[in-house]
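Peer 1: Next input, structure requested:
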Amino acid sequence: MLDRLRERTYHAVIERGLKLTKPRLAVLDLLLASPESQLAAEDIFTQVNAHTPGLVSRSTVYRTLELLVSADVVDCTVVNSKLFRYQLARDQQHVCHYQLVDLHTGDAVSFDADPELRQVLRRICRERGFNEQYHSLKIFGEFKSRRRRVPRRPSANGSAPQVASAAAAAAPGEPD
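Peer 2: Residues are numbered from 1 along each chain as shown. Purely as a prediction, here's the structure:
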């Protein structure tokens, strides 16, 4: 299966007029090794150089990713203004892809769609006369384990504790 995916991806790069240079192959092979994973450019730089020290510079990784994204071989997920994640494009993997993306950490968890969700999406496409090739669904938010707990403070009259205001709950120097 991985060999077929690798071959399809290499052909996609060549068909788009790009050469398969050693740095591009290294970036692609890293993404192919775990096609469901989303990696930051810095992670790609570190992991490629861990296997082959000095093969790529940061600027080479960024340029390579930019080329592969513009060629629709790699997808880029904008997590926030400072964090981007890259992964093999969905059409290189399979026909549908679903993810929960944490806005704070950039972590992404893939999941299989409920059959009802797939049915709703097919119905929407059918109603609009749209011939779907593949689809992607990303839900952005934060995982509960990352949520800041709002501290409780005792009330002045001894009744049940009250939830502190959001402003009081924010750490010093942290925006409300």
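Peer 1: Now stretch 64-73: buried residues?
Peer 2: By neighbour count, with 16 or more other C-beta atoms under 10 Å as the criterion, the buried positions of stretch 64-73 are 64, 65, 67, 68, 73. Backbone N, C-alpha and C define where each C-beta goes, glycine included.
Peer 1: Filter the residues you listed down to the ones in helices?
Peer 2: Taking DSSP state H as the definition of helices, the buried residues of stretch 64-73 contribute 64, 65, 67, 68.
Peer 1: Looking at those residues, which two lie furthest apart in space?
Peer 2: Between all members of those, the longest pairwise span (C-beta to C-beta) is found for 65 and 67 and amounts to 7.3 Å.
Peer 1: Output the residue ranges of the strands in this structure, listed in chain order.
Peer 2: Counting by DSSP state E, the chain has strands at residues 74-80, 83-88, 96-102, 108-110, 135-141, 152-153, 162-163.
Peer 1: For residue 49, find the nearest of those.
Peer 2: Ranking the strands of the chain by their distance to residue 49 (criterion: C-beta to C-beta) puts strand 83-88 first, at 16.3 Å.
Peer 1: What lies in contact with that closest one?
Peer 2: Residues external to strand 83-88 that are found in contact with it (C-beta atoms under 8 Å, 6 or more residues apart in numbering): 5, 9, 31-32, 35-41, 44, 65, 68-69, 73-79, 101, 106, 108.
Peer 1: Tell me, how many residues neighbour residue 113?
Peer 2: Burial of residue 113 is recorded as 15 neighbouring residues (other C-beta atoms under 10 Å).
Peer 1: ok, now residue 107?
Peer 2: 16.
Peer 1: Distance of it relative to residue 85?
Peer 2: For residue 107, the distance to residue 85 equals 9 Å [C-beta to C-beta, to the nearest Å].
Peer 1: residues shared between the contacts of these two?
Peer 2: residue 101.
Peer 1: Spell out, range by range, the helices that occur in this structure.
Peer 2: In the chain, the helices defined using DSSP H lie at 2-15, 22-33, 41-51, 58-70, 90-93, 115-127, 166-169.
Peer 1: Okay, angle between the first one and helix 58-70 too, please.
Peer 2: Same thing as helix 2-15. 90 degrees (axes from the mean of the first three to the mean of the last three C-alpha atoms, to 10 degrees).
Peer 1: So which elements touch helix 2-15?
Peer 2: helix 22-33, helix 90-93 (3 or more C-beta pairs under 8 Å, 6 or more residues apart in numbering; DSSP states H and E).
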